[in-house]
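Q: Quick one: sequence plus predicted model below, questions after.
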Amino acid sequence: MKFNFSKIFIVVLPLLFIAGCSKWMTPEPKQFDSELTGTDKDEAYYEALRAFKASDHKISFGWLDGWDVVAGSASLASSLSFVPDSMDIISIWSGAGNYTPTKLEDLRFVTEVKGTKVLLCSFAWNIGDIYHTAGNGASLADIMAHYGWNEDKFAAIDKWTKDISDSLNYYGFSGIDIDYEPAEGSGNIMPNNENFSYFIKSMGKYIGPQSGTSKVFILDGYVNTFPDPDDNAKYFDYFVSQAYTRWGAGDTSSPVLNKSELQGRLNSFYNHVKNTYPDKAECAKKFVVTDNLEAVDVCLAGGYFWQDEMGIWSRDVMPTLVGFAYWTPDDVPRAGGFGGYKFSHERGNTPPWKWMRKAIQQANPAPGHKVITPEDYKPGTGRL
C-alpha cells in the first residue's frame with residue numbers, strides 16, 4: 001500500500017488527556033475536540049458524540065501506526081484513546097495482536113463510549129490473512145489444510161470468513177479494511193478474481209451493508225478496478241482512494257495535489273460502480289480520499305500542498321489533509337470523507353493532532369467556530 005520513508009522517527013509524549021469542556025445535548029456538529037486538558041467529559045458529551053458519528057456527515061478516516069498501551073505506562077500517546085474524540089474510523093495498520101486486557105479496554109472505551117469504528121487492515125493475498133485458527137506459527141500450507149482448501153476452496157473461504165467474524169466479535173473490533181492492490185503481490189485469494197469475489201460475498205454475510213450488522217466493510221486502494229463491481233460493490237460501506245500526492249508517490253517534481261485529481265478519481269470510481277449506485281450523490285458519500293502522511297515532518301505539517309481554483313495554498317493555512325476535508329466535488333454535494341495514511345504520526349504535533357482537528361472541523365463545521373474560507377487564501381510555493 002504504502003511508502004517507507006527514512007524520515008520517520010518515534011515521538012514520545014508525556015501523558016496528555018484531550019478533553020472537551022462543552023456538554024452538548026444534540027447530534028449536530030459541535031466542537032467535540034477542544035485543545036483543553038482535563039477529564040471533565042460526562043455522559044451527555046459522549047451521547048452527543050456518538051449521535052454525531054451515527055449521523056449523515058463527511059467522515060474522518062485514517063490508518064493508525066503503532067497501536068500500543070501498557071498498564072501503568074507514563075504515556076498514552078500510542079493508545080486509541082489519545083486519538084481525537086471526533087475521529088470516525090481508525091484502521092489499525094500496525095499494533096494488532098497481543099491483545100492484553102489494557103489494550104482491549106482501550107479498544108472497548110473508544111468503540112463503545114466514543115462511538116469510533118476501529119477496523120483491522122490487511123491485504124487478502126491468501127486464505128488465513130487477517131485472522132486464522134490454524135495455530136501460532138502455521139505455514140500457508142498448514143492454514144490451507146486447516147480450512148480444507150484443496151477439497152473445496154469455497155467451503156474453505158466460508159469457514160475462514162466465519163472465523164474472522166468470530167474474532168471481530170470476540171475482541172470488539174468494528175470491521176475490516178481490505179487493501180486491494182493486486183499488482184503488489186499474489187496469492188490464492190487475491191488477485192484471483194473468482195476467489196476474491198467469493199471472499200467478498202462470504203465476508204459480506206457478517207459485516208458491511210448486506211449483513212444487517214453494524215460492522216464495517218471497507219475496500220481501499222484501487223477502488224476503480226476491483227472485480228465484478230455490479231455484484232461486489234454493494235457489500236462495502238466505504239471505498240478509500242489512496243489519493244497520494246505525487247511527491248509521496250515517487251515524483252519529486254511537485255508535492256501538490258489539485259482538486260481536479262480528486263474529481264477525476266471520483267468520476268472513475270462512479271463509472272466503475274454506477275450500476276450498483278446510479279445516484280452519483282449517494283455514490284459519492286461512499287468515496288473517501290486520503291493522502292500519504294507517513295513521513296513525520298509531512299504529517300506534522302498537515303500534508304503536502306493543496307491546490308484549487310484559488311491556486312496553491314500555503315501549507316500553514318490549508319495543507320492537503322485540510323484541503324481534502326474542504327473539497328467539494330463539482331457535481332454532487334459532498335464526498336464521503338477524508339483522511340490519511342499513518343495520520344497517527346501527528347500525535348507528536350503541538351498541540352497533538354493539530355491538523356486532524358482542523359480538518360475534522362473544516363469537514364463538519366461547528367456553529368460559531370472558524371473554518372477556512374477563500375478569504376483566508378495565502379499562496380504557497382508548491383515546493384518542500
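A: Okay, I see it.
Q: Residue 218 is in what secondary structure piece?
A: For residue 218, the element it lies in under DSSP states H and E is strand 216-221.
Q: My error: substitute residue 91 in the last question.
A: Judged by DSSP H and E, residue 91 forms part of strand 89-92.
Q: ranges for the strands of the chain?
A: Under the criterion DSSP state E, the chain carries strands at the ranges 18-19, 36-37, 59-64, 89-92, 117-122, 175-180, 216-221, 238-242, 256-258, 287-292, 305-308, 311-312, 337-341.
Q: Buried deepest among those, which one?
A: Per residue and on average, the most neighbours among these fall to strand 337-341, with a mean of 27 (mean count of other C-beta atoms under 10 Å). Where you see a C-beta, it was placed from the backbone N, CA and C, and this is true even at glycine.
Q: and the angle for that strand with strand 287-292?
A: Put simply, strand 337-341 runs at 30 degrees to strand 287-292, going by axes from the mean of the first three to the mean of the last three C-alpha atoms, to 10 degrees.
Q: ok, residues contacting strand 337-341?
A: 1-2, 58-63, 88-89, 93, 238, 240, 242, 244, 288-294, 299, 303, 321, 324-325, 327, 356, 359, 363 (C-beta atoms under 8 Å, 6 or more residues apart in numbering).
Q: quick one on the thing from earlier: helices or strands next to the strand holding residue 91 in the packing?
A: strand 59-64, strand 117-122, strand 216-221 (3 or more C-beta pairs under 8 Å, 6 or more residues apart in numbering; DSSP states H and E).
Q: a markdown table for those strands, including distance to residue 371 and mean pLDDT?
A: As requested, the helices and strands packed on strand 89-92 are arranged in a markdown table below (distance: least, C-beta to C-beta, whole Å; pLDDT from 0 to 100):
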| stretch | distance to residue 371 | mean pLDDT |
| --- | --- | --- |
| strand 59-64 | 15 | 98 |
| strand 117-122 | 25 | 98 |
| strand 216-221 | 27 | 98 |
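Q: OK, contacts around the residue of the chain most remote from its centre?
A: Distance from the C-alpha centroid of the chain peaks at residue 151, with 36.4 Å (C-alpha atoms, centre = their mean). The contact partners of residue 151, taken as C-beta under 8 Å, 6+ apart, number zero.
Q: rewinding a little: with distance to residue 174 added, can I get the helices and strands packed on strand 89-92 in TSV?
A: Below are the helices and strands packed on strand 89-92 laid out as TSV (distance: least, C-beta to C-beta, whole Å):
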stretch	distance to residue 174
strand 59-64	12
strand 117-122	4
strand 216-221	5
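Q: And the pLDDT for the closest residue to residue 162 other than its chain neighbours?
A: Leaving aside its sequence neighbours, residue 162 sits nearest to residue 206 (C-beta to C-beta, 6 or more residues apart in numbering; 7.4 Å). pLDDT recorded at residue 206 is 98.
Q: Residue 70 and residue 332, how far apart?
A: 45 Å (C-beta to C-beta, to the nearest Å).
Q: for residue 120, same thing?
A: Counting by C-beta to C-beta - residue 120 and residue 332 are separated by 31 Å.
Q: could you pull out the helices for the stretch 251-384 of the chain?
A: 259-273, 280-284, 296-300, 320-326, 354-363 (DSSP state H, counting those that start in this stretch).
Q: about what we covered before: of all the helices and strands packed on strand 89-92, which one is nearest residue 47?
A: strand 117-122 (17.2 Å; C-beta to C-beta).
Q: quick one, the closest one and strand 175-180 angle?
A: 40 degrees.
Q: What number of residues are in the vicinity of residue 55?
A: Other residues near residue 55 come to 11 when the count uses other C-beta atoms under 10 Å.
Q: cool, the one 10 residues further on as well?
A: One way to gauge burial is a neighbour count; for residue 65, by other C-beta under 10 Å, it gives 20.
Q: would you put the C-alpha positions of stretch 175-184 in PDB?
A: Taking Å, rounded to 0.1, in the frame of the first residue of the first chain, the C-alpha atoms of stretch 175-184 are listed here in PDB:
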ATOM      1  CA  GLY A 175     -14.900  -4.500  11.000                       C
ATOM      2  CA  ILE A 176     -12.200  -4.900   8.400                       C
ATOM      3  CA  ASP A 177     -10.400  -2.800   5.800                       C
ATOM      4  CA  ILE A 178      -9.100  -4.700   2.800                       C
ATOM      5  CA  ASP A 179      -6.200  -3.200   0.900                       C
ATOM      6  CA  TYR A 180      -6.900  -4.100  -2.700                       C
ATOM      7  CA  GLU A 181      -3.600  -3.600  -4.700                       C
ATOM      8  CA  PRO A 182      -3.400  -6.700  -6.900                       C
ATOM      9  CA  ALA A 183      -0.200  -5.600  -8.700                       C
ATOM     10  CA  GLU A 184       1.700  -5.700  -5.400                       C
END
